[in-house]
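>>> Next input, structure requested:
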Amino acid sequence: MSLGYVALVLHAHLPFVRHPESDFVLEEEWLHEAIIETYVPLLHMFEGLKRDGIDFKMTMSMTPPLVSMLRDELLQDRFDHHLGMLLELVKKEVVRHEHNGHLKYLAEYYVKEFTAVKATWERCDRDLVGAFRKFLDSGNLEIITCGATHGYLPLMQMYPQAVWAQLQVACESYEENFGRAPKGIWLPECAYFDGLERQVADAGLRYFLTDGHGLLYAKPRPRFGSYAPIFTESGVAVFGRDHESSQQVWSSKVGYPGAAEYREFYKDLGWDAEYEYIKPYIMPNGQRKNTGVKYHKITGKDSHEKELYDPYWAKEKSASHAGNFMHTRERQVEHLNGVMGRAPLIVSPYDAELFGHWWYEGPWFLDYFFRKSWHDQNTYTMTHLAEYLQTNPTQQVARPSQSSWGYKGFHEYWLNETNAWVYPHLHKAAERMIELAKREPRDELEWRCLNQAARELLLAQSSDWAFIMRTGTMVPYAVRRTKSHVQRFTKLYNDILKGELDSGWLEKVETIDNIFPNLNYRVYRPL
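Numbers count the residues shown, from 1 in each chain. Next up, the predicted model:
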């Protein structure tokens, strides 16, 4: 018998970015980068573990916007083009660096990597959601849902119907794509407010995640802190994030990703190459952008000249870090078991895109960690959250504390001087949507307008836009997206009340914002 449990949880999410009205929008490349650097490497890891007889267990959210984009034919076609251009570029790089052994080695490495991505993409018939579902079916991967569009739920709690729509639409979307109801939910930004668990239970969900202090300050105080879930009075279980294991991976200062051997994210061929040479592979308007081809390693904090990257030594370092992570989990579990007198649960949640996109070696680290945990220790058992609840059905009853995993642990990252202006508009739109939800449509056109109004509100509520405004990156895009969805909603609202419906305009908007094709606007009716 092991002394405890370790549960890795990855949060796979991107905002809904799809622009059929334009030939090129830079933000669509968020999806391309995540497929190449995170989602396909994760699939390769899962396939390798299964091939080698390792019965791995992991929890992973796949948010409705991400699932929708991964299954969208237009975005799939655009990814085909993006990947084709990348392969063309790195093959040119092999020739260009014919007389530079190290750079030629790196270019050949990228040719091999991108070719492997292309092979997996085609083998899956471009359906990565179906590929992940196979590991859900095998019991190795517990896939959970999130808010319908990652709406920040504590800032819409004054409109219970708006919270309910985020939960219910997410559950319906999950069932359409995975053939079953979800068991758990990653609350958007791990943000919880008092009473949310009742709606989570009504949606049929069994558990959710929150930040560690959401459990530590629960009432009554949980006897085992964040090292065991609690049950709310509604019967829903709550898992809290472990600070120690999170910091080891998250932090670029004291954590693993800052090692000098790892690939430098901020030095990219798109900015370094001679302009006329790289011009076909950057933006159509001639502006430079990241290509994903990076030749340098982190080297050191104060180094002005970055040294050339070597995947071999980076992989060796990731194996060393995985061994250290395993060792610290063993010591942590042993200590907690002695203090608690029962098997602790270490919940380690991360953004999935950390592994591969931001920290290029992250998927190697995960692969080594699963392998080492399987072969080299018997102190803890790797588990996913649904399996843990099955085998540990008795827990303390308590009420979590309001919390998020954002800066300072509460809500100010999504409500501050940079983004506070959005909420009066979102609240007014929510009020109006609740009003519209009481209507019975006169014909099919009004039915479509009502459903599109619900889509526009959901898309406007995405927490990503407020987050981007706060971080200061791509702010004009986040502002434009917020305004465009609110304006489309407002036009639909006014047209419906006047009885003046514009079928041509509606068709264009339905084509652009085509998320949740089976959405029923009545989800906003009073609970």
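
>>> Distance check, the residue nearest to residue 138 when sequence neighbours are not counted against residue 134.
Using CB to CB, 6 or more residues apart in numbering and skipping the chain neighbours, the partner closest in space to residue 138 is residue 50 (7.4 Å). Just so you know, the C-beta spots here come from the backbone N, C-alpha and C atoms, and that holds for glycine as well. Applying CB to CB, to the nearest Å, the value for residue 50 to residue 134 is 9 Å.

>>> if we can go back for a sec, can you tell me what sits against the one helix or strand the residue nearest to residue 138 maps to?
Residue 50 belongs to helix 40-51 when assigned by DSSP states H and E. Applying CB atoms under 8 Å, 6 or more residues apart in numbering, the contact partners of helix 40-51 are 10, 56, 116-117, 120-121, 124, 128, 131-132, 135, 138, 140-141, 352, 355-356, 363, 366-367, 370-371.

>>> Which strands or helices does the lengthiest helix in the chain pack on?
The longest helix of the chain (DSSP state H) is helix 311-340. Here helix 311-340 touches strand 4-12, helix 243-250, strand 345-351, helix 362-375, strand 380-382, going by 3 or more CB pairs under 8 Å, 6 or more residues apart in numbering; DSSP states H and E.

>>> out of these, which comes closest to residue 503?
strand 4-12 (36.6 Å; CB to CB).

>>> Skipping its backbone neighbours, what lies nearest residue 250 in space?
Excluding the flanking residues, the one nearest residue 250 by CB to CB, 6+ apart is residue 350, at 6.8 Å.

>>> Provide a list of residue ranges in the stretch 151-300 of the chain with pLDDT below threshold.
Along the stretch 151-300 of the chain, segments meeting pLDDT under 70 span 252.

>>> ok now do the spatially closest residue to residue 159 that is not a sequence neighbour, which residues does it touch?
Distance criterion CB to CB, 6+ apart; nearest residue to residue 159, sequence neighbours excluded, is residue 430 at 4.5 Å. The contact partners of residue 430, by CB under 8 Å, 6+ apart, come to 156, 159, 161-162, 457.

>>> a markdown table please, covering the residues you listed and showing distance to residue 469 and secondary structure.
Output for the contacts of residue 430, formatted as a markdown table (distance: CB to CB, whole Å; DSSP: H, G, I helix; E, B strand; the rest coil):
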| residue | distance to residue 469 | secondary structure |
| --- | --- | --- |
| 156 | 17 | helix |
| 159 | 22 | coil |
| 161 | 26 | helix |
| 162 | 20 | helix |
| 457 | 19 | helix |
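
>>> just the buried members of those?
156, 159, 161-162, 457 (16 or more other CB atoms under 10 Å).

>>> sec struct for residue 278, please.
helix (DSSP: H, G, I helix; E, B strand; the rest coil).

>>> From residue 291, how far out is it?
From residue 278 across to residue 291, the span is 8 Å (CB to CB).

>>> and residue 340, how many residues sit next to it?
The tally of other residues near residue 340 (other CB atoms under 10 Å) stands at 15.

>>> just checking, it touches residue 227?
Yes: the pair residue 340 / residue 227 is scored as a contact, 6.7 Å apart, by CB atoms under 8 Å.

>>> where does the chain have its least confident helix or strand?
helix 243-250 (a mean of 90; mean pLDDT, DSSP states H and E).

>>> just checking, next helix/strand downstream of that helix?
Heading C-terminal from helix 243-250, the first helix or strand you meet, by DSSP H and E, is helix 269-272.

>>> so the residue lying closest to residue 461 once chain neighbours are set aside bridges to which residues?
In this structure, residue 461 finds its nearest non-sequential neighbour in residue 151, 3.8 Å apart by CB to CB, 6+ apart. Per DSSP bridges, the residues bridged to residue 151 are residue 462.

>>> Could I get the contacting residues of residue 151?
Shown in contact with residue 151 (CB under 8 Å, 6+ apart): 162, 166, 188, 458, 461-463.

>>> who wins for neighbours among those?
residue 458 (31 neighbours).

>>> That one reaches residue 168, doesn't it?
No: with contacts counted by CB under 8 Å, residue 458 stays clear of residue 168, the gap being 11.1 Å.

>>> List of residues touching stretch 100-114?
Here stretch 100-114 has contacts from 36, 83, 86-87, 90-91, 93-94, 96-98, 293, 295, 308-311, using CB under 8 Å, 6+ apart.

>>> hmm, try it at 10 Å
36-37, 40-41, 83-84, 86-98, 269, 291-296, 307-312 (CB atoms under 10 Å, 6 or more residues apart in numbering).

>>> Now list the buried members of these.
Buried members of the contacts of stretch 100-114, scored by 16+ other CB under 10 Å, are 36-37, 40-41, 83, 86-87, 89-91, 93-94, 96-97, 269, 291-296, 307, 309-311.

>>> For the stretch 1-150 of the chain, just list every one of the helices.
29-34, 40-51, 64-70, 73-96, 101-123, 128-137 (DSSP state H, counting those that start in this stretch).

>>> Out of these, flag the one nearest residue 527.
Closest among these, once you apply CB to CB, is helix 64-70, at 20.7 Å.

>>> Identify the residues contacting the closest residue to residue 205 other than its chain neighbours.
Excluding the flanking residues, the one nearest residue 205 by CB to CB, 6+ apart is residue 185, at 5.1 Å. Contact analysis of residue 185 by CB under 10 Å, 6+ apart lists 61, 144-147, 166-167, 170-171, 174, 200, 203, 205-209, 236.

>>> next one: residue 499
442, 446.

>>> quick one, helices of the stretch 401-527 of the chain?
Taking DSSP H, counting those that start in this stretch as the criterion, the stretch 401-527 of the chain carries its helices at 422-436, 444-460, 463-471, 475-498, 503-512.

>>> Let me know which of the ones you listed is the nearest to residue 388.
helix 463-471 (27.4 Å).

>>> now that closest one against helix 475-498, angle please.
Angle, helix 463-471 to helix 475-498, by axes from the mean of the first three to the mean of the last three CA atoms, to 10 degrees: 140 degrees.

>>> Could you export helix 463-471 as CSV, CA atoms only?
Extracted in CSV, the C-alpha atoms of helix 463-471 (Å, rounded to 0.1, in the frame of the first residue of the first chain):
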residue,chain,number,x,y,z
SER,A,463,-12.5,36.0,-18.7
ASP,A,464,-9.6,36.0,-21.2
TRP,A,465,-10.5,39.5,-22.5
ALA,A,466,-10.2,41.0,-19.0
PHE,A,467,-7.1,39.0,-18.3
ILE,A,468,-5.4,40.2,-21.5
MET,A,469,-6.3,43.9,-20.7
ARG,A,470,-4.7,43.4,-17.3
THR,A,471,-1.5,41.8,-18.6
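
>>> so how far is that helix off the chain centroid?
Distance, stretch centre to chain centre, for helix 463-471: 15 Å (CA atoms, centre = their mean, to the nearest Å).

>>> what helices or strands is it leaning on?
Packing partners of helix 463-471 (3 or more CB pairs under 10 Å, 6 or more residues apart in numbering; DSSP states H and E): helix 422-436, helix 475-498.

>>> Any regions of the stretch 301-450 of the chain where pLDDT drops low?
302-303.

>>> at 90 what do you get?
When residues are selected by pLDDT under 90, those of the stretch 301-450 of the chain lie in 301-305, 405-409.

>>> Name the SS class of the residue nearest to residue 205, please.
strand.

>>> If it is in a bridge, with which residues?
residue 145, residue 208.

>>> All good on my end, thank you.
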